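>>> This is the structure alone, sequence omitted:
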């Protein structure tokens, strides 16, 4: 929340209007009041009220000037004195009972040795008194090391200039248990100390598992099973609330179809609540996404409850509390007549952005975008992102705008690139453009937003077979880093999930498809400062 | 989420020095049961394993019950449909998939026919598709 600033030099008087004195200016009495001169008489039949009752009712000296305002027999007077201005913008000048005072206004509130740009009266004012562009953080000062954190750490006016993500020189770490028949990456989050990884592992039947990892990806203890049921259950996305992990997933334990469930986990992945059933709908409820708003969890998924009555699939949402309770009921987020599936969600300063795939009457897919409040209420009318056979959308919030990245899939063939479109805060969509090149096929992407730019990890076959790549883009989808190759496996690698760590780097969880028996792996991207874009 | 011994208090409590009281983990769930053997009437990878005019399709029956029941799965012979990779399909016999394909949800928007593939062998899917897991044990589909 931005604190309101008191602009130096202007004050609001107790009457709610402000006065600036100049030669020949009005005295600035409140409207409707007149300054009565000595000996004046009022107009016959009207009453002239006294101009003042106390000294405080009278115009005061302007800031930085001494003077005396007085109310005498209902009449204001103002005797102006010395103007207190030593000509140095870095001193706080004032008039006191001792006369003018000129006090050094330099301030170093965060104790990092660099003075703030303004003075004590307004530390953020661009007066040039100091060079610390953020005097609330001891990590930010001139000549500080620029980190990959969305902040101007060195106060040169540019955020993260020269900072680049680089794959750590380490062998990827297998996260899935060796005894699993196969395991696919489902979600990744960072709890301030360690990563939490979610995956779908198969031991005969599928089950969702949680594995805790150090910041370097080393396994901490063994995997925790999330839902303990005897039907197929899947791993789902993870978010960290600051105290707990929240996760949502689909499983087929009852009702003869897949329903959405929600759990709260501790750092070890142990459940702290009973599984919370989120949906009770006909036909399959699938592919939940989850957000943490800072106060509650938001779940979004696709649902076929209306198909039984002749309707189509749609996007639904649900609010959940940190105590694991449903807040209200399931909320429709897409129009009932619009066939919609496969939603992605992102939280911005203004609300929630949701991208999903919709089908036209002929079965051709496209991507549409809606916004809602943080309570998932009042979904906007869908905005179309005009691109035939768009699929697999991922939405990323960048300040007040959104970026939607997607691949192209007609059911038979994947397109050659990952594409992106910017949705402005006024809802206007800039024409989609290709963000990758050189491949025959590209599919799947995951993103992480730094506010003014974002990192995208995707899979394409530019180098033969699907491998994972990463690149950073700005709000106009222009690359601001080189394309990085992340994996060099003999088989396809897909399905990345990303999470930032405290050191400015990113954790990457992904699936090595291993000829149809995938295993889940983890790798690190580290933030390195000072590289030049070539 | 109530902590034992503090009835009426939801969520976590703050200890006097500002730390959080960690709730006890919940260790409930179903008694584990072995996966039942598949009910295999035919082999989807053997042409004509169901005879002329029929196709062999994997199936899964999800449980209704209390939340601890198991799924039944296997393969079954059905009248052959005509849908191929990526085409819309449904429960109606006229919308069914051709032999060698199965109607799936979750791969792409809508219910679609997807080519069956064998897990654990080199990928034989085309068009940039790869063989991925199906929720019927032992079978994959190109997606």
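It's in. None of the values given here were measured: they were computed from a predicted structure. Numbers count the residues shown, from 1 in each chain, chains lettered A, B, ... in the order given.

>>> Residues in contact with the helix or strand where residue A:288 lies: which ones?
Assignment of secondary structure by DSSP states H and E places residue A:288 within strand A:285-292. The set of residues that contact strand A:285-292 without belonging to it, under C-beta atoms under 8 Å, 6 or more residues apart in numbering or on different chains, is A:236-241, A:246-250, A:257-260, A:278-279, A:297-305, A:316, A:341-347, A:352, B:105-106. (C-beta placed from N, C-alpha, C; glycine too.)

>>> What remains of the residues you listed if I keep only buried residues?
Buried residues within those, defined by neighbour count using 16 or more other C-beta atoms under 10 Å in any protein chain shown: A:236-241, A:246-250, A:257-260, A:278-279, A:297-305, A:316, A:341-347, A:352, B:105-106.

>>> Stretch A:250-263 near chain B anywhere?
Yes: counting by C-beta under 8 Å from any C-beta of the partner chain, chain B has neighbours in stretch A:250-263: A:252-258.

>>> Of those residues, grab the buried ones for PyMOL.
Typed into PyMOL, the line below selects the buried ones among these, using 16+ other C-beta under 10 Å:
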select buried, chain A and resi 252+253+254+255+257+258
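
>>> thinking again about what came up before, could you point out which element follows the strand holding residue A:288?
On the C-terminal side of strand A:285-292, the nearest following helix or strand under DSSP H and E is strand A:297-303.

>>> Can you tell me which residues in the stretch 51-200 of chain A are near chain B?
Taking C-beta under 8 Å from any C-beta as the measure of proximity, the stretch 51-200 of chain A contacts chain B at A:182, A:184.

>>> Run the chain-centre distance for stretch B:124-141.
For stretch B:124-141, the distance between its averaged C-alpha position and the chain's averaged C-alpha position is 12 Å (C-alpha atoms, centre = their mean, to the nearest Å).

>>> Repeat that for stretch A:468-481.
Its chain's average C-alpha position is 18 Å from that of stretch A:468-481, according to C-alpha atoms, centre = their mean.

>>> neighbours around residue A:382, how many?
By other C-beta atoms under 10 Å in any protein chain shown, the residues close to residue A:382 number 20.

>>> for the nearest residue to it once chain neighbours are set aside, which residues make a bridge with it?
Using C-beta to C-beta, 6 or more residues apart in numbering or on different chains and skipping residues adjacent in sequence, the residue nearest residue A:382 is residue A:368, 4.1 Å away. Going by DSSP bridges, residue A:368 is paired in beta bridges with residue A:356, residue A:384.

>>> residue boundaries of the helices in the stretch 151-300 of chain A?
Taking DSSP state H, counting those that start in this stretch as the criterion, the stretch 151-300 of chain A contains no helices.

>>> nope, chain B is what I meant
When secondary structure is read from DSSP state H, chain B shows no helices.

>>> Any stretches of it with poor pLDDT?
Counting by pLDDT under 70, the low-confidence segments of chain B come to B:1-21, B:91-94.

>>> measure the residue nearest to residue A:382 to residue B:60 for me?
31 Å (C-beta to C-beta, to the nearest Å).

>>> Who has more neighbours out of those two?
For residue A:368 against residue B:60, the residue with the higher neighbour count under other C-beta under 10 Å is residue A:368, and the figures read 23 against 17.

>>> still on that earlier bit, so how far is the strand holding residue A:288 off the chain centroid?
Taking C-alpha atoms, centre = their mean, the mean C-alpha location of strand A:285-292 is offset from the chain mean by 17 Å.

>>> Quickly run through the sheet partners of that strand, with directions.
Strand pairing (DSSP bridges) places strand A:285-292 next to strand A:297-303 (antiparallel).

>>> Mind checking the pLDDT average for the strand it pairs with?
Over the span of strand A:297-303, the pLDDT mean works out to 97.

>>> What's the first helix or strand after that strand?
Counting by DSSP H and E, the next helix or strand C-terminal to strand A:297-303 is strand A:314-320.

>>> next structured bit after that following strand?
Heading C-terminal from strand A:314-320, the first helix or strand you meet, by DSSP H and E, is strand A:326-332.

>>> Report the buried residues of stretch A:123-142.
Under the neighbour-count criterion of 16+ other C-beta under 10 Å, stretch A:123-142 has A:123, A:125, A:127, A:129-130, A:132-135, A:138, A:140-141 buried.

>>> Check those and tell me the two furthest apart.
Considering C-beta to C-beta, no two members of the buried residues of stretch A:123-142 lie farther apart than A:127 and A:138, which are separated by 21.4 Å.

>>> Brilliant, that's me finished.
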